[in-house]
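Trainee: just to be clear, the model below is a prediction. Sequence and coordinates:
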Amino acid sequence: MAEGKHAELKEKAKEELRLLLIITIYLGVLFCAFLTYRRLISREFGISSFHYGFAVIEAVIIAKVILIGKAMGLGKHQSGKALVFAVLRDSLVYGVLIGLFSVLEKLIEGLLHGKGFAVSLADIANEGIWEILARTLVLFVALVPFFAIWKLDEELGERKLSHIFFGKRSARAGG
């Protein structure tokens with residue numbers, strides 16, 4: 001009995017790691033693309049200091065936030081409703097969650113630079129709120145295809161969509 005429980009936990013951990021890796025890669029590529037875009041735009045104003053390592057770390061953290069939200073049932077599909085509504089809801093919820101994470105990140109950054117909590121909040125309100133809102137909007141849009149694929153894979157079951165995308169074509173075609 002304990003052997004079966006151990007194997008089940010091991011399989012669950014393996015699946016969690018697989019999902020963490022997939023989400024991190026998706027978000028990492030997305031964040032690095034945004035960072036590159038910002039770097040190219042900022043270059044016109046003489047700003048060139050950007051760190052891609054932070055984008056990757058942020059991708060890992062946000063991937064974990066998404067998995068925690070999933071574990072809490074945040075992304076459960078309600079039967080009887082079209083899948084598109086679940087995709088849009090999840091994209092919005094996680095987009096807002098990532099926006100809140102950005103606020104928290106700016107607060108921590110301010111505190112690390114010796115600013116008080118109130119000063120850090122004022123800085124966000126004065127300078128960073130539009131950037132955070134724009135980033136949240138862009139992430140909402142970027143999360144739509146991500147959650148569409150995720151929900152479709154869940155609907156098909158048994159990782160069928162993964163096999164369609166990543167399996168050998170001749171094996172799928174039956175020949």
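Mentor: Yes, it's here. Not measured: the values here are computed from a predicted model.

Trainee: residues near Gly110, how many?
Mentor: As a burial measure, the neighbour count of Gly110 was computed by other C-beta atoms under 10 Å and equals 20. For glycine as for every other residue, the C-beta is placed from the backbone atoms N, C-alpha and C.

Trainee: show me what contacts it?
Mentor: Residues near Gly110 by C-beta atoms under 8 Å, 6 or more residues apart in numbering: Phe117, Val119, Ser120, Asp123, Ile124.

Trainee: quick one: it from Ile132, how far?
Mentor: 13 Å (C-beta to C-beta, to the nearest Å).

Trainee: pull up the overlap in contacts between these two.
Mentor: Residues touching both Gly110 and Ile132 by C-beta under 8 Å, 6+ apart: Ile124.

Trainee: list the contacts for Val138?
Mentor: When contacts are counted by C-beta under 8 Å, 6+ apart, Val138 touches Phe34.

Trainee: same check on the one 10 residues further on?
Mentor: Ala148 makes contact with Leu83, Val84, Val87 under the criterion C-beta under 8 Å, 6+ apart.

Trainee: quick check: domain ranges of the protein?
Mentor: Using automatic domain parsing, the domain parsing of the chain gives 1-63, 75-175.

Trainee: so which of those domains is nearest Gly69?
Mentor: When these are ranked by proximity to Gly69, the top entry is domain 75-175, at 6.6 Å, counting by C-beta to C-beta.
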